[in-house]
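Enquirer: mind looking at a prediction? Sequence and model below.
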Amino acid sequence: MNKTGKIGRRLGGRTGEPFTFIFDDSTIEAWPGESVAAALLAAGQVVLRIAEDGGARGVVCGIGLCWECRCVIDGRPNVRACMTEARAGMRVRRQQGLE
Amino acid sequence: MTAPRIVVVGAGPAGIMAAREAKRRGAAVTLIDEALRPGGQIYRQGDAALASSGVGLPEELAHKRTVLEAFAEVAEAAEAVDYHSGATAYAVFPGPQLHVALADSSRVFEADALILATGVGERAVPFPGWTLPGVLYAGGVQAIMKAHGVRAGDRVAVVGAGPLIIAVAAQLAEAGAEIACVTLLTPLRVMARRPLGLWAGRGVVREGMAYLRQLRRAGAPVLEGWVPVHAEGAPAVESLCVARHDGAGRPLMGSERRFDVDMVAMNFGFTANSELARMAGAEVRFDSVRGGWVPVRNEFGATAVPGVFVAGDGAALRGAFVAAAEGRIVGAAAVLTAGGKGTAELHQELAAEFTERRSHQAFQDALRPTLDLPSGVWSWATDDTVVCRCEGITQGRLRQAVDEGHVTVNGIKRNTRAGMGWCGGRTCLASVAALAAQGQAGPPAETPPMRPRPLARPVPAGILARREP
Ligand SMILES: Cc1cc2nc3c(=O)[nH]c(=O)nc-3n(C[C@H](O)[C@H](O)[C@H](O)COP(=O)(O)OP(=O)(O)OC[C@H]3O[C@@H](n4cnc5c(N)ncnc54)[C@H](O)[C@@H]3O)c2cc1C
Ligand code: FES
């Protein structure tokens, strides 16, 4: 598939095949080159973590500096969703407090 | 004489131009960047599979081509620059000696000169609701558009100070988002106080005006002299309340307007990534607009620490054009200094680069008043607003520490644990410094942060243990 133009929150064209990964109970569609954070934002998933104080948190800086987007990715806690490229079949989990 | 070994941290405009200049002058150059692709913050590149890197102004895109061509020149040369992407520099020791975390191991680079071109990160001013998911930094929103081709919301408020706000709002509109409102702390027309500076930056000014017209056409209200009051929603942001301010940054009661949004993009200036320079032992001075505590250096970028240079926005925020011109100065100076050349010779040799840097700097000086933060902004957070997001420390807890007599950055940090979390304190440092200054009734310059210890960034222990020779 080769899509051009705007696809929902996606801008510009996409080449390559879309694929999916798992985020908690949802299946998320992504295109090659997107970060986990970008694919989640495109799907309208903004709550990425529940902080130790119980507050919901999501992407803030988008460039790896704030560490607010920490998720559990393929079993590894504290992985920054904004710095991790999305891959087919990945399992991403909302991190709950200190894991 | 053997070729001097120059190690450059940061492959943005400053680092790339420094690497090229050093290479052209015969140095053996290593270039380290934690991003996967060269370009730095402003010339961030997406994966080839994403056709989104066209976000930006024509003048900006032309400069981006120049910078990326310079990278191609040194990356493809016969004795190419030793480029490491996805590599995080986490410590500097005397020598200078740079410690770097690679994908699965760590490595030490010895240098005759180390050039730190690490750029800036965005600065936050906390307000109630700013920790809600959907409240992002505006530059980050732009970075996600540029590098990943995704707009982070459908109906957005863009709030902050300075021209970046206008650019991001227009780029979001172009990307199909509805712009609920745009607020600017200080009207952009204050730039007219420096007509010569505006003239020097006339290309950028023209393009900025085009952005403003685009926003007007899209029907987006651009509110100048307004500030955010609070964001609300559960679990993510659903509305933002903004208000006119009193001139000192404090919202005026009764002037509030509320907008329904699913994203807030905010930017209140930048913080220099100066940890490595500070770790090396460089002195810092305080300049709120230019990045907070910034390394002290001479006109060639040399700090007082032998062999340690700083270039670009990480030395003082002045944008990509100054960063590139300065990269050339510092790259050349590092090689010439290693070769024993003195100040007079350097000035003669680099006259053209100095002229270029000065002309771009004039425009940055005109921008300056749009980026100044009046002290009232630090009172937006209420006692229950979380200020240190990593450790969950509230404004009330920080104020209590100040009331108990902890009136330095380090004192407040030790007393509350603010700034001790994952981000290394970069998110709350400006807030803590402002509180310390209020506690002392003096400028924050008097309480510089502690010299950081390694690690400058969290690095998994396994990577540290696997050290390459
Ligand atoms: C999110 C964001 C958006 C911005 N958008 C604009 C804009 O639209 N217009 C504008 O004029 N300016 C913008 N700026 C300001 C921007 O910093 C400058 O214009 C320009 O990029 C400065 O160039 P530089 O080479 O000094 O630093 P940068 O371009 O920031 O390059 C620094 C590089 O150093 C790397 N780095 C930092 N620390 C380490 C480390 N410890 N180890 C390894 N690598 C490291 C980073 O990955 C980065 O690639 C933005 C800044 C940010 C943070
Ligand atoms: S959003 Fe800041 S580190 Fe990922």
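Expert: Structure's in. What do you need? Computed from a predicted structure; not experimentally measured. Numbers count the residues shown, from 1 in each chain, chains lettered A, B, ... in the order given. Ligands and ions are numbered 1, 2, ... in the order given.
Enquirer: neighbours of the closest residue to A:Arg14 other than its chain neighbours, how many?
Expert: Nearest residue to A:Arg14, sequence neighbours excluded (Cβ to Cβ, 6 or more residues apart in numbering or on different chains): A:Trp31, at 4.5 Å. All C-beta atoms are positioned from the backbone trio N, CA, C, and that covers glycine. By the other Cβ atoms under 10 Å in any protein chain shown criterion, the neighbourhood of A:Trp31 contains 26 residues.
Enquirer: need the residues of chain A near ligand 2, please.
Expert: Contacts of chain A with ligand 2, taken as Cβ under 6 Å from any ligand atom, map to A:Val59, A:Val60, A:Cys61, A:Gly62, A:Gly64, A:Leu65, A:Cys66, A:Trp67, A:Glu68, A:Cys69, A:Arg80, A:Cys82.
Enquirer: now for the fourth one: which residues touch it?
Expert: Taking Cβ atoms under 8 Å, 6 or more residues apart in numbering or on different chains as the contact definition, A:Gly62 lies against A:Ala37, A:Cys82, B:Leu136, B:Tyr137, B:Gly139, B:Gly140, B:Val141, B:Ala143, B:Ile144.
Enquirer: one step back: can I get the residues of chain A next to ligand 2 in a markdown table including pLDDT, secondary structure and distance to B:Gly233?
Expert: As requested, these are exported to a markdown table (pLDDT from 0 to 100; DSSP: H, G, I helix; E, B strand; the rest coil; distance: Cβ to Cβ, whole Å):
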| residue | pLDDT | secondary structure | distance to B:Gly233 |
| --- | --- | --- | --- |
| A:Val59 | 98 | coil | 15 |
| A:Val60 | 98 | coil | 16 |
| A:Cys61 | 96 | coil | 20 |
| A:Gly62 | 95 | coil | 20 |
| A:Gly64 | 91 | coil | 26 |
| A:Leu65 | 91 | coil | 24 |
| A:Cys66 | 95 | coil | 20 |
| A:Trp67 | 95 | coil | 22 |
| A:Glu68 | 96 | coil | 17 |
| A:Cys69 | 97 | coil | 18 |
| A:Arg80 | 94 | strand | 24 |
| A:Cys82 | 95 | helix | 21 |
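Enquirer: could you dump these into TSV with distance to ligand 1 added?
Expert: Shown next, in TSV, are the residues of chain A next to ligand 2 (distance: Cβ to the nearest ligand atom, whole Å):
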residue	distance to ligand 1
A:Val59	12
A:Val60	11
A:Cys61	7
A:Gly62	7
A:Gly64	8
A:Leu65	8
A:Cys66	11
A:Trp67	14
A:Glu68	14
A:Cys69	14
A:Arg80	13
A:Cys82	11
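Enquirer: B:Trp226: which of those is nearest?
Expert: Minimum distance to B:Trp226 across the residues of chain A next to ligand 2 is 22.0 Å, recorded for A:Val60 (Cβ to Cβ).
Enquirer: what residues are up against the closest one?
Expert: Counting by Cβ under 8 Å, 6+ apart, the residues that A:Val60 touches are A:Cys66, A:Glu68, A:Cys69, B:Val135, B:Leu136, B:Tyr137, B:Gly140, B:Arg389, B:Thr427.
Enquirer: which residue, neighbours along the chain excluded, lies closest to the second one?
Expert: Here the nearest residue to A:Glu68 in space, its sequence neighbours aside, is A:Val60; by Cβ to Cβ, 6+ apart that works out to 4.5 Å.
Enquirer: repeat that for the third one.
Expert: Closest residue to A:Cys69 in three dimensions, ignoring its sequence neighbours and counting by Cβ to Cβ, 6+ apart: A:Ala81, at 4.3 Å.
Enquirer: do you know the pLDDT at that neighbour?
Expert: Note on A:Ala81: pLDDT of 97.
Enquirer: what is A:Phe19 paired to in the beta sheet?
Expert: When assigned by DSSP bridges, A:Phe19 has beta-bridge partners A:Ala30.
Enquirer: surely it touches A:Ala30?
Expert: Yes - counting by Cβ atoms under 8 Å, A:Phe19 touches A:Ala30, with 6.1 Å between them.
Enquirer: who has more neighbours out of these two?
Expert: Shown here are A:Phe19 and A:Ala30; by other Cβ under 10 Å, A:Ala30 has more neighbours (26 against 16).
Enquirer: wait, isn't that one in contact with A:Phe21?
Expert: Yes - using Cβ under 8 Å, A:Ala30 is in contact with A:Phe21, at 6.3 Å.
Enquirer: which neighbours do the two have in common?
Expert: A:Val36, A:Ala39, A:Ala86.
Enquirer: I'd like those as JSON lines, with neighbour count and secondary structure appended.
Expert: Formatted as JSON lines, those follow (neighbours: other Cβ atoms under 10 Å in any protein chain shown; DSSP: H, G, I helix; E, B strand; the rest coil):
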{"residue": "A:Val36", "neighbour count": "28", "secondary structure": "helix"}
{"residue": "A:Ala39", "neighbour count": "27", "secondary structure": "helix"}
{"residue": "A:Ala86", "neighbour count": "25", "secondary structure": "coil"}
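Enquirer: pLDDT score for the residue of the stretch 251-400 of chain B found nearest chain A?
Expert: Scanning the stretch 251-400 of chain B for the residue nearest chain A gives B:Gly392, at 3.8 Å (criterion: Cβ to the nearest Cβ). pLDDT, B:Gly392: 94.
Enquirer: that one: what's it in contact with?
Expert: Contacts of B:Gly392 (Cβ under 8 Å, 6+ apart): A:Ala51, A:Glu52, A:Asp53, A:Gly55, B:Val386.
Enquirer: in the residues you listed, find the pair that's most separated.
Expert: A:Glu52 and B:Val386 (10.7 Å).
Enquirer: comparing the two, which residue is more hemmed in?
Expert: More neighbours surround B:Val386 than the other of A:Glu52 and B:Val386, with 22 against 13 (other Cβ under 10 Å).
Enquirer: which residues does that one contact?
Expert: B:Val386 sits next to A:Asp53, A:Gly55, B:Pro126, B:Thr131, B:Gly392, B:Ile393, B:Thr394 when contact means Cβ under 8 Å, 6+ apart.
Enquirer: considering only those residues, which also neighbour ligand 1?
Expert: Counting by Cβ under 6 Å from any ligand atom, no member of these is near ligand 1.
Enquirer: quick check, nearest of those residues to B:Ala401?
Expert: Relative to B:Ala401, and with distances defined as Cβ to Cβ, the nearest of these is B:Ile393, at 9.2 Å.
Enquirer: burial of the closest one, as a residue count?
Expert: Count around B:Ile393 with other Cβ under 10 Å applied: 25.
Enquirer: what do you get for B:Val409?
Expert: For B:Val409, using other Cβ under 10 Å, the count is 24.
Enquirer: for it, give its distance to ligand 1.
Expert: Note on B:Val409: its distance to ligand 1, by Cβ to the nearest ligand atom, to the nearest Å, is 21 Å.
Enquirer: wait, that residue touches B:Ala434, no?
Expert: No - when contacts are counted by Cβ under 8 Å, B:Val409 is not listed as touching B:Ala434 (10.0 Å).
Enquirer: what is the end-to-end distance of stretch B:153-166?
Expert: End-to-end distance for stretch B:153-166, by Cα to Cα, to the nearest Å: 17 Å.
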